[in-house]
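Peer 1: sequence and predicted structure below; questions after.
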Amino acid sequence: MTAKVLDGKATKDAIFAELRPRVAALAARGVTPGLGTVLVGDDPGSHAYVKMKHADSAKIGVNSIRRDLPGDVTQDKLEAVIDELNADPACHGYIVQLPLPKHLDPGRVLDRIAPAKDADGLAPVSLGRLVLGEQGALPCTPYGIIELLRRHDVPIAGAQVTVIGRGITVGRTLGLLLTRRSENATVTLCHTGTRDLAAEVRRADIVIAAAGVPGIITPDMVKPGAAVLDVGVSHVEGKLTGDVAPGVAEVAGWLSPNPGGVGPMTRAMLVSNVVEAAERTVAG
Ligand SMILES: Nc1nc2c(c(=O)[nH]1)N[C@@H](CN(C=O)c1ccc(C(=O)N[C@@H](CCC(=O)O)C(=O)O)cc1)CN2
């Protein structure tokens, strides 16, 4: 078997094609959606991600508001920037790029984001809404994973899904999304305390690998025909390396490349969240 490719770049382009008329409809009402980013320090990966987010926004006519702060910024100064974006009517949604330097408290920062402007869906109010099944911005990577599966007709309802990684940006929130009534999947969330990872992966119809351990998912662990999504990001000898080992494409039914799979989908859903936030400001 050679797996079908879950192409995140092409799917992002399809989502952007759907967003463009919505942005035009907003423009007709005098509104240009604005995406804000708050970036602290000089981590090259974070800089690259933020740059890509603004390049994506420009492609569909979303304005960029960038706040780049030095790595030694104080908690108070960072929170003042959050307050400024909360008050800025041109900024419909914004994100604080994670991770933050160690001396800063990410919980306090996320808690300060106005819920209506939480474009990442990672602030406590948004996470609470997700748990309660209420409307709100969805975290971009899990949201992107579900869109990638849905748009490639990978069956989700009733599927056995094994998620590896319990971080808030991917694994834990993905578990919440997939177990909603609208998705109806059965989820096993694996982590460093999981006794037999191979067994948990072997029985899965869908495997989401977000461990950040290069090549942790090997071909012998994958059920033939399963969908395997590689979300892991590691750098081996300077090269981006995912969690999925070579040879899995020969066993899986679907496979997301890395790069080019879930990463672009994360960016697509961020822009989508911002357009939706802008639409909410003119609704009613
Ligand atoms: N505030 C947030 N911080 C972080 C998030 C997040 O969702 N919100 N997720 C990750 C990083 N991330 C978004 O910020 C992200 C990661 C990767 C990509 C991406 O498109 N990757 C490309 C490859 C790029 C490369 O070559 O390095 C791909 O997969 O094709 C986008 C966004 C942690 N922080």
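Peer 2: Yep, it's here.

Peer 1: check which helix or strand the residue in the chain that the ligand sits nearest to maps to.
Peer 2: Nearest residue of the chain to the ligand: G263, at 2.0 Å (Cβ to the nearest ligand atom). (Each C-beta comes from the backbone N, C-alpha and C, glycine too.) Applying DSSP states H and E as the criterion places G263 in helix 262-282.

Peer 1: please apply the same query to F16.
Peer 2: Per DSSP H and E: helix 8-28 holds F16.

Peer 1: could you check the angle helix 262-282 makes with that helix?
Peer 2: 10 degrees (axes from the mean of the first three to the mean of the last three Cα atoms, to 10 degrees).

Peer 1: just to revisit the earlier point, check which residues of the helix holding G263 are buried.
Peer 2: Neighbour counts over helix 262-282 (16 or more other Cβ atoms under 10 Å) mark 262-279 as buried.

Peer 1: run through who's touching the helix holding F16.
Peer 2: Contact with helix 8-28 is made by 32-33, 56, 59-62, 144, 147-148, 151-152, 256-257, 260-265, 267-269, 271-272, 275, 278-279, 282, as judged by Cβ atoms under 8 Å, 6 or more residues apart in numbering.

Peer 1: same question, stretch 263-273
Peer 2: Contacts for stretch 263-273 (Cβ under 8 Å, 6+ apart): 8-9, 11-12, 15-16, 19, 35, 52-53, 56-57, 60, 62, 93, 95, 119-121, 137-138, 140-141, 143-145, 147-148.

Peer 1: what do you get if the cut-off is 6 Å, keeping everything else the same?
Peer 2: Here stretch 263-273 makes contact (Cβ atoms under 6 Å, 6 or more residues apart in numbering) with 8-9, 12, 15, 52-53, 56-57, 93, 119, 137, 140-141, 143-144, 148.

Peer 1: same thing with stretch 55-73?
Peer 2: With Cβ under 6 Å, 6+ apart as the contact definition, stretch 55-73 has outside contacts at 16, 19-20, 23, 32-41, 54, 81, 91, 101, 267, 271, 274.
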